[in-house]
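1. sequence and predicted structure are below.
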Amino acid sequence: ILLAVILSLGVWFYFSTRDAAQQSLKQEAAQKRDIVTYYSFEGNLIPVTDKVQTAKESLKVKEVYVAEGDRVEEGDALLRGTDGTRILAAYTGTVETLFAEADDTLQPGSQLCRIVDYDRLEVSVNVDEYDIDALSVGKEGTVYLNALDAAVPGKVTEIGREAVSQGGVSFYPVKFGVDAVPNVRSGMSVEVQVLNRQALDAVSLPLTAISYDEYNKPYVLLADGEGYRQQEITLGVSDGRNVEVLTGLADGETVYYLSNDLARFFAMRMGMMGQ
């Protein structure tokens, strides 16, 4: 009696699961998409030149030629001493902070001004040892400035050779040069994206439409008369939402799939997928 009950329950479960699975089948048409993946790194934006210029000799200031916010070129006069000596700008950029005033007496090493060049910017990021081979000097990427909601092109200008270890993983410092951006401020947070893999105009499906057999091989269901047949496919690049289908499926072809993961599992185990 017990054996008959178990057998009856098994038969009922088989057919009820099969019927429920067939009723919950969804469909999706394969279509051509551009699938692109990126390496992503976070860092901060800093000017290439951010220097404090100091006096090299003793000097009493007679006149100061610049004010905070002025832009200077390397070689422009910053101030003149009582003896007629002129101190010239050692860098090109904006006078961010002015330390010297008229009648000040300067000693060697005294701070004159801080010069920041906002037209030449760079981003410093740490890249782990598993991704560092994907970068090379001159490789281009996109730099997103979070605070300004702006994106500018960037290019790798320097790759460090000495690693810093964190949590058992080695990280290498990498610098990206970027173009000038209006209203930029030193220290702004950025995200850098560099192309990883891409498949342009590729036949593709959403990942949810892909099933896997007991050997972890991908397949889809195609309509076959009154039922469905299992079609093996080969997958390529995936962006986390859609995946390239290399073989086994044509553009526009409709596939069927179970939206419920549990139903997929029982259907596969009971041989209902692809029968």
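-> That came through, no problem. Numbering: from 1, shown residues only.
2. count the residues that sit near the closest residue to residue 184 other than its chain neighbours.
-> Excluding the flanking residues, the one nearest residue 184 by CB to CB, 6 or more residues apart in numbering is residue 118, at 5.9 Å. Every residue, glycine included, has its C-beta placed from N, CA and C. Residue 118 has 21 neighbouring residues, counting by other CB atoms under 10 Å.
3. what strands flank the helix or strand where residue 118 lies, and is each parallel or antiparallel?
-> Per DSSP states H and E, residue 118 falls inside strand 111-128. Note on strand 111-128: by DSSP bridges, its sheet partners are strand 31-54 (antiparallel), strand 93-98 (antiparallel), strand 169-178 (antiparallel).
4. could you give me the average pLDDT of the first one?
-> In this model, strand 31-54 carries a mean pLDDT of 92.
5. begin at 37, not 1, for the rest of this chat.
-> Right, with 37 as the first residue, what we last looked at is strand 67-90.
6. kindly export it (C-alpha atoms) in PDB.
-> This file holds the C-alpha atoms of strand 67-90, laid out as PDB (Å, rounded to 0.1, in the frame of the first residue of the first chain):
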ATOM      1  CA  GLN A  67      18.100  39.800 -31.700                       C
ATOM      2  CA  LYS A  68      21.300  41.600 -32.700                       C
ATOM      3  CA  ARG A  69      22.900  43.800 -30.000                       C
ATOM      4  CA  ASP A  70      26.100  45.500 -29.200                       C
ATOM      5  CA  ILE A  71      27.500  43.800 -26.100                       C
ATOM      6  CA  VAL A  72      30.300  45.600 -24.400                       C
ATOM      7  CA  THR A  73      32.100  45.000 -21.100                       C
ATOM      8  CA  TYR A  74      34.500  47.300 -19.300                       C
ATOM      9  CA  TYR A  75      37.200  47.300 -16.600                       C
ATOM     10  CA  SER A  76      36.200  49.800 -14.000                       C
ATOM     11  CA  PHE A  77      38.500  51.600 -11.500                       C
ATOM     12  CA  GLU A  78      37.900  54.300  -8.900                       C
ATOM     13  CA  GLY A  79      40.200  57.200  -8.000                       C
ATOM     14  CA  ASN A  80      40.600  60.900  -7.500                       C
ATOM     15  CA  LEU A  81      41.300  63.700  -9.900                       C
ATOM     16  CA  ILE A  82      44.400  65.700  -9.300                       C
ATOM     17  CA  PRO A  83      46.300  68.300 -11.300                       C
ATOM     18  CA  VAL A  84      49.600  67.200 -12.800                       C
ATOM     19  CA  THR A  85      51.200  70.400 -11.400                       C
ATOM     20  CA  ASP A  86      50.300  71.400  -7.900                       C
ATOM     21  CA  LYS A  87      53.500  73.000  -6.500                       C
ATOM     22  CA  VAL A  88      54.400  75.500  -3.800                       C
ATOM     23  CA  GLN A  89      57.200  77.800  -5.100                       C
ATOM     24  CA  THR A  90      59.800  78.900  -2.600                       C
END
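7. that one: which residues count as buried?
-> Residues 69, 71, 77, 79, 81-85, 89-90 are the ones in strand 67-90 that count as buried (16 or more other CB atoms under 10 Å).
8. can you check the shortest one too?
-> When burial is assessed from 16+ other CB under 10 Å, strand 129-134 yields the following buried residues: 129-132, 134.
9. which residues are contacting it?
-> With contacts defined as CB atoms under 8 Å, 6 or more residues apart in numbering, strand 129-134 is touched by 83, 85, 100, 102-108, 148-155.
10. if we use 6 Å, what do you get?
-> Contacts to strand 129-134, defined as CB atoms under 6 Å, 6 or more residues apart in numbering, come from residues 85, 102, 104, 106-107, 149-153.
11. and which of those residues is nearest to residue 188?
-> residue 153 (16.1 Å; CB to CB).
12. who does that closest one bridge with?
-> Where residue 153 sits in a bridge, its partners, by DSSP bridges, are residue 85.
13. same question for residue 63.
-> Beta-bridge partners, per DSSP bridges, of residue 63: residue 292.
14. touching, it and residue 294? I think so.
-> No. Contact between residue 63 and residue 294 fails when scored by CB atoms under 6 Å: they sit 11.2 Å apart.
15. more crowded one of the two?
-> The neighbour comparison of residue 63 against residue 294 (other CB under 10 Å) goes to residue 294, with 24 against 11.
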